[in-house]
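**Q** please work out how this folds:
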Amino acid sequence: NLVAIDDSGSIFYTGYQPLPCRSYLDREVDGAWVEGADPSQLLDGARYPGFNLEEAALNVSPRNLPAAPEQCAVPFELWPQVKDPASGYVLTGNNDPGGLSFDGSLTNDAYYLGGPWDLGFRADTIERGLVSASEDEEVTIAEMAELQGESHSALGAYFCTDLLEVLSLARALDPSAGAVEAEIAGLYQARQAMIDEVEERLAGWAERGYLAKSGVSTFYQSPSASEREDAVATMIFNAWFPRVLQGVFDDEGLPALWQGSGGKVRALARFLEGRGPDNPEALASWNADTGESAFFDSLGTEMVETSALIIMRALDEALGFLSGPGSGAGRGGFASEDMATWLWGMRHGVRFESILADFLGDDPAYALLTDSFAINTDTLPLTDSFTPGDPRSALTWFPRDGDQYAVDAANPGFSGTRFDYGSGPVMRMVIALKPGEVSGQNIIPGGQSGLTDSPYFADQAALWLANETHPLRFHPAQVAEGALGRELFEPAPE
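**A** Residues are numbered from 1 along each chain as shown. A predicted model of the protein is given here:
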């Protein structure tokens, strides 16, 4: 994605890159690609040659495409792009760049430009923030930085009401109505006090705006009592939701294309919205007997499960996990039924690991090498001192706000058992342009130096954790003002 702006206020977006037209890939009658010809997968190289985009092919018009299909590039003017939109802003958050997938298909466009893309939760949050900020005459750097640090739970806002509805249903169910009703009622009665507390906590979370807070006191955060309540609700939701996905999809034996989490979240949303008489979402999997998708039924059981039962089972499993034993620093359950101790930040932390860790994994033989390049709580202690028994003292990584699809990326994934993450914003840059003036701020997660003994190896990590920044020094006077020293280079004497 490329976004450009100038000091007159003109803005431009394009996702252009030289991609092949791919007209030589065979399709079925319905437009879908035949096996081995799907450009979103590995192509069958024995049947389809590699494309050869010569420089002359990159700037052709749609009416002057080259004769050889392997040398055809998608014309620039046919890419999704916009210049000076009426809204006054452009945005991108790994989402569909031009509505190509909004009709549910990636196969019916003139050219395949990519996808599937991110679900659009981040882009939606960004757009709502931009609409709110643009109500003023001028959007400030502080407002944009606040939007960059946005961390409400988009998934919580979307799916939490489904859980609350089932909890209300479970309380009123007649166990004699059937096997499904009996199991739902039994699960509720077995943990009634805990489930009633969950309901109260999630209802309060909804009223406060589904804020995904860490709740852990550190040198960079001092959470309020309300934020600690948000942290407990965030932990409960993020232990429950992955188990719903697993309950719906893990028994289906779906192909590899479905193994990514985004497609499952999208499908689950449709399945839940498609419940009711007369198949309101025109689901191919709709079951007239249950009035909902057949995906909610678990294969291999005699019972025909429903969405309510899958949701209730997932909560029961989540409560068992959270109240159960831990499995290492910042991992596993809390070994307590006291939900006040179930703070999201005690399990959701950012890892500043060496890039080598991605290749070497957790092999202890390489730990000395990878650990030396990590920034952890030995490098930056969470607080000056701990009292005996303080659970924070065992944490290796840094408690953080946010969850899956937050603008301030902090994706824990959907394992339901491990919630730390190692991929986040590589910078938090905001730039303001005015005629003759450039101002802004930035921060990176670590430091400028890759030398572990340098004072600049980890000097920006603390600010990054606090969502604070350094000023962006653009003009010579600003650079001089921020200089720590001066070096003079002179020609060597002849």
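**Q** kindly confirm my reading that Asp371 forms part of a helix.
**A** Yes. Under DSSP: H, G, I helix; E, B strand; the rest coil, Asp371 sits within a helix.
**Q** what sits against the nearest residue to it once chain neighbours are set aside?
**A** Among residues not flanking Asp371 along the chain, Ser354 sits closest, at 7.9 Å (CB to CB, 6 or more residues apart in numbering). Every C-beta, even on glycine, is put in place using the N, C-alpha and C of the backbone. Contacts for Ser354 (CB atoms under 8 Å, 6 or more residues apart in numbering) come out as Leu369, Thr370, Asp371, Ser372, Phe373, Ala374.
**Q** adding neighbour count and pLDDT, write the residues you listed out as JSON lines.
**A** Output for the contacts of Ser354, formatted as JSON lines (neighbours: other CB atoms under 10 Å; pLDDT from 0 to 100):
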{"residue": "Leu369", "neighbour count": "12", "pLDDT": "74"}
{"residue": "Thr370", "neighbour count": "19", "pLDDT": "77"}
{"residue": "Asp371", "neighbour count": "14", "pLDDT": "80"}
{"residue": "Ser372", "neighbour count": "10", "pLDDT": "81"}
{"residue": "Phe373", "neighbour count": "16", "pLDDT": "86"}
{"residue": "Ala374", "neighbour count": "19", "pLDDT": "90"}
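**Q** out of those, who's nearest Val265?
**A** Ala374 (31.0 Å; CB to CB).
**Q** quick one: the helices in the stretch 251-400 of the chain, in order.
**A** 261-273, 307-323, 357-360, 367-372 (DSSP state H, counting those that start in this stretch).
**Q** residues of the longest one that come out buried?
**A** Within helix 307-323, the residues scored as buried using 16 or more other CB atoms under 10 Å are 307-319, 321-323.
**Q** for stretch 423-441, same thing?
**A** Those would be Gly424, Pro425, Arg428, Met429, Val430, Ala432, Ser439, Gly440, Gln441, for stretch 423-441 by 16+ other CB under 10 Å.
**Q** quick check: the residue lying closest to His348 once chain neighbours are set aside vs Glu273, distance?
**A** Leaving aside its sequence neighbours, His348 sits nearest to Phe419 (CB to CB, 6+ apart; 4.5 Å). The spacing between Phe419 and Glu273, counted by CB to CB, to the nearest Å, is 27 Å.
**Q** compare those two (neighbour count), which wins?
**A** Applying other CB atoms under 10 Å to Phe419 and Glu273 shows that Phe419 carries more neighbours, namely 25 against 12.
**Q** that one and Ala410 touch, don't they?
**A** No. At 9.6 Å, Phe419 and Ala410 do not qualify as touching, with contact defined as CB atoms under 8 Å.
**Q** can you check which residues contact both of the two?
**A** The contact sets of Phe419 and Ala410 overlap at His348 (CB under 8 Å, 6+ apart).
**Q** quick one: contacts for the spatially most central residue of the chain?
**A** The chain has Tyr405 as the residue nearest its centroid, 2.9 Å off, counting by CA atoms, centre = their mean. Tyr405 makes contact with Asp118, Leu119, Phe121, Arg122, Ala154, Leu155, Asn411, according to CB under 8 Å, 6+ apart.
**Q** tell me the one among those residues nearest to Glu302.
**A** Closest to Glu302, out of all of the contacts of Tyr405 and judged by CB to CB, is Leu155, at 32.3 Å.
**Q** number of residues surrounding that closest one?
**A** As a measure of burial, Leu155 has 21 neighbours, counting by other CB under 10 Å.
**Q** now it: closest residue in space, sequence neighbours ignored.
**A** Among residues not flanking Leu155 along the chain, Gln404 sits closest, at 5.6 Å (CB to CB, 6+ apart).
**Q** using TSV, lay out the contacts of Tyr405 together with pLDDT.
**A** Formatted as TSV, the contacts of Tyr405 follow (pLDDT from 0 to 100):
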residue	pLDDT
Asp118	86
Leu119	86
Phe121	93
Arg122	93
Ala154	96
Leu155	97
Asn411	95
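**Q** buried ones among these?
**A** Buried residues within the contacts of Tyr405, counting neighbours by 16+ other CB under 10 Å: Leu119, Phe121, Arg122, Ala154, Leu155, Asn411.
**Q** mind jotting down where the strands sit in the stretch 151-300 of the chain?
**A** Along the stretch 151-300 of the chain, counting by DSSP state E, counting those that start in this stretch, strands occupy 286-287, 292-293.
**Q** of the ones you listed, which stretch is the most buried?
**A** strand 292-293 (a mean of 23; mean count of other CB atoms under 10 Å).
**Q** what's in contact with that one?
**A** Residues outside strand 292-293 that contact it (CB under 8 Å, 6+ apart) are Phe271, Gly274, Arg275, Gly276, Leu283, Ser285, Trp286, Asn287, Thr306, Ser307.
**Q** and the third one, what is it in contact with?
**A** Under the criterion of CB under 8 Å, 6+ apart, the contact partners of Arg275 comprise Gly291, Glu292, Ser293, Ser307.
**Q** what's the closest of those residues to Glu252?
**A** Nearest to Glu252, judged by CB to CB, of those is Ser293 at 11.2 Å.
**Q** ok, that closest one to Glu281 distance?
**A** Counting by CB to CB - Ser293 and Glu281 are separated by 9 Å.
**Q** pull up the overlap in contacts between those two.
**A** Shared contacts of Ser293 and Glu281, counting by CB under 8 Å, 6+ apart, come down to Gly274.
**Q** what sits closest to Gln441 if chain neighbours are left out?
**A** Leaving aside its sequence neighbours, Gln441 sits nearest to Thr469 (CB to CB, 6+ apart; 3.9 Å).
**Q** quick check: pLDDT value at the one you found.
**A** Thr469 is assigned 96 on the pLDDT scale.
**Q** wait, a strand at Tyr13?
**A** Yes. The assignment for Tyr13 is a strand, going by three-state DSSP.
**Q** residues in contact with it?
**A** Tyr13 neighbours (CB under 8 Å, 6+ apart): Asn1, Leu2, Val3, Ala4, Gln81, Val82, Lys83, Val90, Thr92.
**Q** wait, isn't the last one in contact with Ala123?
**A** This means Thr92. Yes. Contact criterion CB under 8 Å: Thr92 and Ala123 qualify, at 7.1 Å.
**Q** the two - which one has more neighbours?
**A** Taking other CB under 10 Å, Thr92 and Ala123 do not tie; Ala123 has more neighbours (19 against 15).
**Q** if I look at the nearest residue to Pro325 once chain neighbours are set aside, how far off is Pro391?
**A** Residue nearest to Pro325 in three dimensions, not counting chain neighbours: Ala335, with 5.2 Å by CB to CB, 6+ apart. Ala335 sits 10 Å away from Pro391, taking CB to CB as the criterion.
**Q** max-length helix in this protein?
**A** Taking DSSP state H as the criterion, the chain has its longest helix at helix 225-249.
**Q** that helix to helix 307-323, inter-axis angle?
**A** Counting by axes from the mean of the first three to the mean of the last three CA atoms, to 10 degrees, helix 225-249 points 130 degrees away from the direction of helix 307-323.
**Q** give me the helices and strands touching helix 225-249, please.
**A** Here helix 225-249 touches helix 154-172, helix 192-207, helix 261-273, helix 307-323, going by 3 or more CB pairs under 8 Å, 6 or more residues apart in numbering; DSSP states H and E.
**Q** between the ones you listed, which gets the lowest average pLDDT?
**A** With a mean of 91, helix 261-273 has the lowest mean pLDDT of the helices and strands packed on helix 225-249.
**Q** residues contacting the residue nearest to Tyr16 when sequence neighbours are not counted?
**A** Leaving out its chain neighbours, the residue that sits closest to Tyr16 by CB to CB, 6+ apart is Trp79, at 4.5 Å. Shown in contact with Trp79 (CB under 8 Å, 6+ apart): Thr14, Gly15, Tyr16, Gly98, Leu113.
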